Each structure stands twice: as C-alpha cells, then as structure tokens.
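A.B. asks: Whatever this is, show me its structure:
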Amino acid sequence: MNTLSQAIKAYNSNDYELALKLFEKSAETYGRKIVEFQIIKCKEKLSTNSYVSEDKKNSVCDSSLDIATQLLLSNVKKLTLSESEKNSLKNKWKSITGKKSENAEIRKVELVPKDFPKDLVLAPLPDHVNDFTWYKNRKKSLGIKPVNKNIGLSIIIPTFNRSRILDITLACLVNQKTNYPFEVVVADDGSKENLLTIVQKYEQKLDIKYVRQKDYGYQLCAVRNLGLRTAKYDFVSILDCDMAPQQLWVHSYLTELLEDNDIVLIGPRKYVDTHNITAEQFLNDPYLIESLPETATNNNPSITSKGNISLDWRLEHFKKTDNLRLCDSPFRYFSCGNVAFSKEWLNKVGWFDEEFNHWGGEDVEFGYRLFAKGCFFRVIDGGMAYHQEPPGKENETDREAGKSITLKIVKEKVPYIYRKLLPIEDSHIHRIPLVSIYIPAYNCANYIQRCVDSALNQTVVDLEVCICNDGSTDNTLEVINKLYGNNPRVRIMSKPNGGIASASNAAVSFAKGYYIGQLDSDDYLEPDAVELCLKEFLKDKTLACVYTTNRNVNPDGSLIANGYNWPEFSREKLTTAMIAHHFRMFTIRAWHLTDGFNENIENAVDYDMFLKLSEVGKFKHLNKICYNRVLHGDNTSIKKLGIQKKNHFVVVNQSLNRQGINYYNYDKFDDLDESRKYIFNKTAEYQEEMDILKDLKLIQNKDAKIAVSIFYPNTLNGLVKKLNNIIEYNKNIFVIILHVDKNHLTPDIKKEILAFYHKHQVNILLNNDISYYTSNRLIKTEAHLSNINKLSQLNLNCEYIIFDNHDSLFVKNDSYAYMKKYDVGMNFSALTHDWIEKINAHPPFKKLIKTYFNDNDLRSMNVKGASQGMFMKYALAHELLTIIKEVITSCQSIDSVPEYNTEDIWFQFALLILEKKTGHVFNKTSTLTYMPWERKLQWTNEQIESAKKGENIPVNKFIINSITL
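C.D. replies: This next block holds a predicted model:
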C-alpha cells in the first residue's frame, strides 16, 4: 500500500496524528496541492482534540482487560489461554452478564395528550431509511439549498487495457446532449496497451485528461482515487471503461444533483455486444448505442437472465423499492461502474479504501460510509449505460476468487446488514464494531470505572466504548488511561472543556459503530441493555432510536426509586415532555441527519437531541429498567433547574419551527423552576384568517368545462408554477381545488394565489379536511375523494374532472378537445406478482375484489397505472368514488393500512366494478400527457416543443421529467 493510501486509511480510522505524518510525506511525492485539504483537516482535528493513537497502545496485557475482551482475543489466537483458563473466564462472564433487566411498571395512557391541539400536525417521517423524497422535501421546508461553486461533472473512467472498448465509451461521451460542462479523466491502472493514443484522439472533442499509476496488480480503488483527486468540478461520476452512456446521461445526473447534492445517483445497465462495431460508427450515429439489441454476459454467472439476454440483477429490487427509496441497505446496490455524487462527500467520508486489492466489495464499503453519514441513494433511468460485452470470457480479474477475499473485508468494515449477533465463543473484535457506547467524561474519576465496565460487560460483545475526556480538572484522564489504555475495545480521546454538548458531539463523531449507545460517566448499565435495544433495531430497520427506562440509585448502588416511565412513545407526547429517558440507542445515520447536540445551550441538551432524532425517524420504547442513574448532588439536571426549565421550552419551540409549524408557541404555564406545566398558544401571525376563500368570489363561465383536483402532501413549493402550467394547456378550466395543509399557507403563497386568481379569473378552492390517514399509500386517494365532496357541497358542476399530481406537468395543448371524445382516461397495465401479494394481504380491498372477480382474475387483469393526468366525466367520478369510499370506510373500521399506492389501482378497479354492475362498457383511453418533475429523465427543449405540437410523445409518458419551462 502506498503512502497516500496509508494516510487515507489512518484518517478514516480517526488516527489523525499518524495521518498527518503520512499526508506530509505524500506531499513530497505528489505535490502539496493534492493533499493540502487533508493536511488542513488533520491539523483541525488535532488542534481541538487529543486522541490516543492506535499505534501508541501497548501490547496486550491480559491482566488489564475485561473478561469478554480476553475471550475475544483468545478466539483469534491474539491472547494465549489454556482451556481451563478459557472455561473459568466464560463462567465468570456468564455470571456477570446473567442478570436480566427488570420490567418497568406500566399503565394505560393516552398516546396523544388531551390538551395537544387537534390542528397541530407534526411533520411527516420518512417511509424508510432511504426515503430521498422525504429528505428533499424536508430540506426545502427548512430552506436548505445546495451551494455549488463549480458546476459541472468530472467523469472518472478507471481502466486497465481494453483500449477498443474505452474508445467506444469516449465516443458515446462525445455524443452527450447537455448544456452543462463536463470533463473526462481516464485513470489508467498500469495498462500494457497504449491508452494515451486513444485519449489524444479525443482531445479536440472532449475536455479530457489522462492520469496513470504503475501496475502493482489489481488497484482499482487506488486508481479511482487518483482520478478523483484530479477532478475539477463539484460533482463526480465513476464510469467503468466498458460502460457506454446514453445521450442524456450527463444531463440527467447533473440535473438531479443540482437539486439535491446529498444524494448518490445510480444508473441501471443493459448488456450489449459492440465487438464488430467501431468507435467511428458510434461517433457518426449518436443513437447507435441505444439501438443495439440486448445480449447475454459472459463475465458474471450471477447475472439474472431472461431468454438469451442478461438483465441487471438489481432491476427487480429497484422496482420493489421505488428506485431504492424504500430500501434498508441501498449501499449494497451501489455498483461503482456507473454512479454520480457530490465531491463534498469525499471530504465527509474519505476516499475509496485501497485495502481492497481484489475484485469486489470496495463499492459496498464506500457506499456504507456514505449511508452511515446520511447520504441518500437513488436510481434514475437517465443514468442508463450499456455494458459492452466482449467475446468469450475476456476479463483481467478472477472475480469469484477476488470476492472470496474481499467479502471478509466487507464483513469486518460494514457492520450494518453484514453482521449477526454471535455467541462469545464464535466472536472476535471487528475492525468496525456494530455498536459504540459513547461516554462524555468530566471530573468523574470516582465513577468512571463502574460506568465503563458496565459497557464492556454487555451480553453483546460486538461493541466498543468511546470515552471523551472533556478537559477534566481532576485525575479522570489518568484513571481512564491506566484502566483502559491497552484495551482494544476502548477508544479514548481528550479535548479542552467545552461542555456536555461539545463532548457528546466529539464522542459520537469518534465512534465507529452503526448503533450508538449513550452512557453518562457517573451512571451504569444492566448487562442486557444493548441486546434488548439492538434486537428491536434488527427487527425494524426504519427505527432511528430505541430507549428503555431507568432507576435512580445512590452512589453505592442502593435504590432510591424507579425513574419516571411513560410506557408508550408518541411524538406528540415527546413534544410536551421528555419521555425518552436512558438507556438510549440511536443509529449513526439518523444522528447525521440532524445537526447534532446543540453546543449553545447548557441544559436540556439531551431533550433537544432526541427531539431532533424524532423528526428524522421512528422511536421504539421498551418497558425495561436497563439503566442506573446515580444521584450524587452534582447532577446538572438537578443543580440548574431554572436553566433547565428555560431551555426545555426553547428546544420544543425550535423543534416546532424545524417542522414548519410556526402557528403555535409552546409556552410555560407558571414560573416555578421545577414545574413543566405548559400551554400551546396560537402565534400572532396565525390569528390572521388563513382561509383565502373569503377574498375570492365564484366566477361563472359557460365555456369552462373542467375541474382539476390536486393533492399537496406537504409544503406548497412550486404551487403557482403548477397553476400556470394548468392554465397554459387548458383553456376550459372552471375550478382548481387544492387539498392542502393550511399550515403551509404562508402569507406569500396567499398573495401568489390571489394574484393568479385575479389574472386568470379561474376559481381556486382550498380544501384542508384532515384525512383519516396522515402518511401512507391511501392519503392521495382520500384527498381526491375529499375534493369531490367539497365540490358537491358547493353545488359546483362541470363536465370533466382531472385528478392530478402536484409535481406533474401538462405538455398536451387543449386537453378538453382530447377528453371530450372519451368517458375516462386511465392507464391500464398488468399487476406484477408483488402487487398481487400486497392486494391479497389487504383484507378490505381483497373482500371487494372477491365480490366481483375470481381470485385468478388478478393475474390477467390490466388494472395498474400511474395516476398522473387521469380524467373522467364528472358524474362518473362520483360513481367511482362512491365505490372507493366503501373500501376506505372498511379500512377505517379495522384500521387496515394498504401497503401499495391506492391511487394507481383503485380507480381502475372501481371502473371495472361499475361496468360489471351496470353492464355498460365505458369509452376508455390513456391519461393526458404528463411528465412528473421529480422522477426520471429530463426532456430537451426540442422534445418539449415537439410534445406541445402533439408530435413524438413517448408511449410510456411517465419516464420523462425534470422539465424547466
């Protein structure tokens, strides 16, 4: 491993002292400019924190180690123990860890406090850990916008030989259709072939550069890093030399990255044979690569096949998880042959790990680091590239042999998903632990040993303890180093005093585990605390936090009383009181989605932190007493009650503001320091009338024939853009009814809606009925039903109604002329096996289907289709929604939540049921031509103008998006 690779490895391991030395040495070889940023970062770390470097730890001394650590070292022959010594230690360990946490007393409580305002709706949580749509909306609501200084895409192409295939890939990059700048960096891993001549061939056609390293064997990570270090733009892509991109590849990647730079984009692939085609043919025909027939691959026996063609093995998972939005481990699909992301992430997570010097695994490990730090992963069809299949089995690497080596490294470095809980006999100390327990320590020399020992003596041994000495003025640091300085499961850092929040941020940042446990330096754990929480995390990957309850004890461990325990978690209750007590564990990913502990407040630091975590993921409470809280008179929560109370109300109001809730204040009820009585008061701004209907008079227009129903799931960003688009393509609009959360109706948006109304003289109705479901697959259907009911209550009639998405655009002029030829416009396609399974698992809907159809009918019925642009006669809509209302009522009665997008099939089923009931076959067609703003490919200006004329509109209208008008 070269010096630079060693430096990167040391930095990623938090050994900043060693990393600085190695980066300084690398500067002599590569030039200081290449490593200047890394040198600065090392010095920043070392200026504020003093770390116990791994290479400073003395050789293992068994007498200073806890029992579990001795056994773990013995398992891998790093500590010699006789069988009798092993057995003796095992018996002692079982005795120490055999105690089980007691059950806490529980009582029946209201999940939502009775005094919690009915119209105070907390911001939605993500549907899953990689819900990039939720995260994008959250950033918009917080006003977070990406700041890009050097917009463009640096395309890194690692290669080893394969000059002919590289030639074709470069030709396809010449054919890119985009207004964005991009560069190509060909990174040569010591090829024997002369690739420079290929690169020089494209110097007049591309912004291209060539970098090379000596052939040291398989060094893919090193050559990727070499290419990445020379990248000049804010965004980078890694493209294998045999991956030929489609024409809108650069444009698609950059368009999405400019909207959200906290996302990794992944492109799918198809397999084609370019063996008998020259690069010049691709240069002369930009569409050639996309027109080639798919073929079978010879190089990967694990690839899925369909007939005589090979399929990207990830496609089925992409489909099941909504392009990874609902995936719990998206980094496993981060195949680095075709990806793009912001270069900022290299500064956050480090570079590719050059320890991987055989085929496979390096992309998973790098992707895991991105995931753990809070990056999101998304597949876009616009990233499609074509894998060029060579004849025979041309391959420079033995993939299966390489994978057997690198999988072991992955299991060592990727604890999440790749690690199981094993008995201590089968365990060892992993390089990256599954769990980190962090301990901020300040003047706690008398308590720290009991605290740390309780963390080490857990039934879960895949665990490290991270101690941050926060500038103690007693001998705390001396005690820690003496007791644990040689322990490989304990990592110690020291920094100048900055307070509990500063120490907590430093300790969590220092931790390597995916699951993080919090332990105060004067308290101690029950032996099964981590195990109980961890099992909940492993059962439900969407959890951000699991917490138990505690008991209060004297310094000698004698019981004072069991701690306060609210038996069931709810976000509403947490908004009124700190119910998430010790012991607490959270995921490092969830923590990175927040801004960490607030170092500007002295007390209520934990309350603030766990409010933040509750905004980014689900919580689970266990009614187990797993934590011993030592009361000794110096506890900050006891000594500073006045500050604690003040900040209690401050952090709750900050939480409400982060969620876009600016219409309520959470205020103190009295001035007693020990009191937490509260009252919710409407803000002065909210006292203004929010219903703009009072400013709108109903406009009658005999030529207006169409109603448009739209549902807005959260903020009203882009509302006026949407309204203007509707009017541009529809001259017969009578009324647009918007189902919105009126809490997002800001004064500015009110003014925009009023201006639109006065300019176009089109009726705008706002509907804010609170739906039965607030965040699931039924809410859009229910919102449209509510909109229809609102129109009926106002006795508003029209000829047709369009059911629309807030993030879609019209491209077809004069929609009414198209609609009036038909009764209904829907998309109809077959149900996949996954959809059928979800329908059968939903009793209310399955019951309705069985009433009218046979079970086998589902396999042959064309009833699925995206709902954008769906239209129908207004009277027909009433009949269909009457059928749908029956299902919704049934869902409510048994509290059954569907696991599929109801708007994509319920309308189609209702239409078929109505046809069966009446014997009338309706005149059907497809939906209006729409393209969602936020979905897959981007249209060029030529395609937009063509579509406006009704020409060259794709058959599948839902693969086009991200339009800028």
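
A.B. asks: and L228, helix, strand or coil?
C.D. replies: helix (DSSP: H, G, I helix; E, B strand; the rest coil).

A.B. asks: Could you check how many residues crowd around it?
C.D. replies: Number of residues near L228 (other C-beta atoms under 10 Å) recorded here: 19. Yep, even glycine has a C-beta here, placed from its N, CA and C like the rest.

A.B. asks: Then I601?
C.D. replies: Around I601 there are 19 residues (other C-beta under 10 Å).

A.B. asks: gap between it and L574?
C.D. replies: In this view, I601 and L574 are 18 Å apart by C-beta to C-beta, to the nearest Å.

A.B. asks: now swap in D807 and tell me
C.D. replies: 31 Å.

A.B. asks: Check L226 too.
C.D. replies: L226 is 48 Å from L574, where distance means C-beta to C-beta.

A.B. asks: and if you look at N657?
C.D. replies: Between N657 and L574 the computed distance is 16 Å (C-beta to C-beta).

A.B. asks: neighbour-wise, which of those two wins?
C.D. replies: When neighbours are counted by other C-beta under 10 Å, N657 and L574 differ, and L574 comes out ahead with 21 against 11.

A.B. asks: can you confirm that one is in a strand?
C.D. replies: No: counting by three-state DSSP, L574 falls outside a strand, being helix.

A.B. asks: which helix in this structure runs the most residues?
C.D. replies: Ranked by residue count, the top helix of the chain under DSSP state H comes out as helix 874-894.

A.B. asks: List the buried residues in it.
C.D. replies: Y874, L876, A877, E879, L880, L881, I883, I884, K885, V887, I888, C891 (16 or more other C-beta atoms under 10 Å).

A.B. asks: now, which of the residues you listed sits nearest Q908?
C.D. replies: L880 (9.5 Å; C-beta to C-beta).

A.B. asks: Go ahead and confirm the closest one touches L914.
C.D. replies: Yes: using C-beta atoms under 8 Å, L880 is in contact with L914, at 6.4 Å.

A.B. asks: what sits against T178?
C.D. replies: L248, V250, H251, L254 (C-beta atoms under 8 Å, 6 or more residues apart in numbering).

A.B. asks: What about the residues you listed, which are in strands?
C.D. replies: Using DSSP state E, the subset of the contacts of T178 located in strands is empty.

A.B. asks: Among the residues you listed, which are located in helices?
C.D. replies: Per DSSP H, those map to helices at V250, H251, L254.

A.B. asks: what's the neighbour count on the last one?
C.D. replies: Right, L254. L254 has 26 neighbouring residues, counting by other C-beta under 10 Å.

A.B. asks: now swap in the second one and tell me
C.D. replies: H251 sits with 22 neighbouring residues when counted by other C-beta under 10 Å.

A.B. asks: so how far is V236 from it?
C.D. replies: H251 is 16 Å from V236, by C-beta to C-beta.

A.B. asks: Backbone dihedrals for the nearest residue to Y416 once chain neighbours are set aside, please?
C.D. replies: In this structure, Y416 finds its nearest non-sequential neighbour in Y514, 4.3 Å apart by C-beta to C-beta, 6 or more residues apart in numbering. Main-chain dihedrals, Y514, degrees, to the nearest 10: phi -90, psi -40.

A.B. asks: give the contact list for Y514.
C.D. replies: Y514 sits in contact with A372, P415, Y416, L434, V435, T587, I588, R589, where contact means C-beta under 8 Å, 6+ apart.

A.B. asks: so of those residues, which ones are in strands?
C.D. replies: V435, T587.

A.B. asks: List just the nearest of the contacts of Y514 to I263.
C.D. replies: Using C-beta to C-beta, the contacts of Y514 come closest to I263 at R589, 14.1 Å.

A.B. asks: Please report phi then psi for the residue nearest the centre of the chain.
C.D. replies: When C-alpha atoms, centre = their mean is applied to the chain, the residue found nearest the centroid is N130 (2.7 Å). Backbone dihedrals for N130, given as degrees, to the nearest 10, come out at phi -110, psi 30.

A.B. asks: domains for this structure, by residue range?
C.D. replies: 3-48, 153-413, 432-637, 640-682, 692-961 (automatic domain parsing).

A.B. asks: The closest residue to G374 other than its chain neighbours and L912, how far apart?
C.D. replies: Excluding the flanking residues, the one nearest G374 by C-beta to C-beta, 6+ apart is H592, at 3.5 Å. Using C-beta to C-beta, H592 is found at 47 Å from L912.

A.B. asks: For the stretch 251-400 of the chain, which segments count as strands?
C.D. replies: 263-266, 269-272, 304-306, 309-311, 338-342, 376-379, 385-388 (DSSP state E, counting those that start in this stretch).

A.B. asks: Comparing those strands, which yields the minimum mean pLDDT?
C.D. replies: Lowest mean pLDDT within those: strand 304-306, a mean of 60.

A.B. asks: do you know how far the residue nearest to G374 is from F376?
C.D. replies: According to C-beta to C-beta, H592 and F376 sit 11 Å apart.

A.B. asks: of the two, who's got more company?
C.D. replies: Using other C-beta under 10 Å, the more surrounded residue of H592 and F376 is F376, with 24 against 18.

A.B. asks: for the more buried one, what are its contacts?
C.D. replies: N130, D131, F132, Y135, D260, D262, I263, V264, P330.

A.B. asks: between those, which is nearest L18?
C.D. replies: Scanning the contacts of F376 for proximity to L18, where the rule is C-beta to C-beta, the winner is V264, at 29.3 Å.

A.B. asks: nearest residue to that closest one other than its sequence neighbours?
C.D. replies: Excluding the flanking residues, the one nearest V264 by C-beta to C-beta, 6+ apart is F341, at 4.4 Å.

A.B. asks: what about that neighbour, distance to L239?
C.D. replies: Distance from F341 to L239, by C-beta to C-beta: 13 Å.

A.B. asks: Could you do I144 as well?
C.D. replies: I144 is 29 Å from L239, by C-beta to C-beta.

A.B. asks: Comparing those two, which shows the higher neighbour count?
C.D. replies: L239 (25 against 12).

A.B. asks: Tell me how far that one lies from T159.
C.D. replies: From L239 across to T159, the span is 10 Å (C-beta to C-beta).

A.B. asks: Give me the secondary structure label for H428.
C.D. replies: coil.

A.B. asks: For the spatially closest residue to it that is not a sequence neighbour, what are phi and psi?
C.D. replies: The spatial neighbour of H428 that comes closest, neighbours along the chain excluded (C-beta to C-beta, 6+ apart), is V76 at 4.7 Å. Dihedral pair for V76: phi -110, psi 20, per degrees, to the nearest 10.

A.B. asks: what's the answer for the one 5 residues further on, then?
C.D. replies: Backbone torsions of L81, given as degrees, to the nearest 10, read phi -130, psi 140.

A.B. asks: swap in A529?
C.D. replies: When read as degrees, to the nearest 10, the backbone of A529 gives phi -60, psi -50.

A.B. asks: Residue numbering should commence at 13 henceforth.
C.D. replies: Let's use 13 as the start, then, which means that last one is A541.
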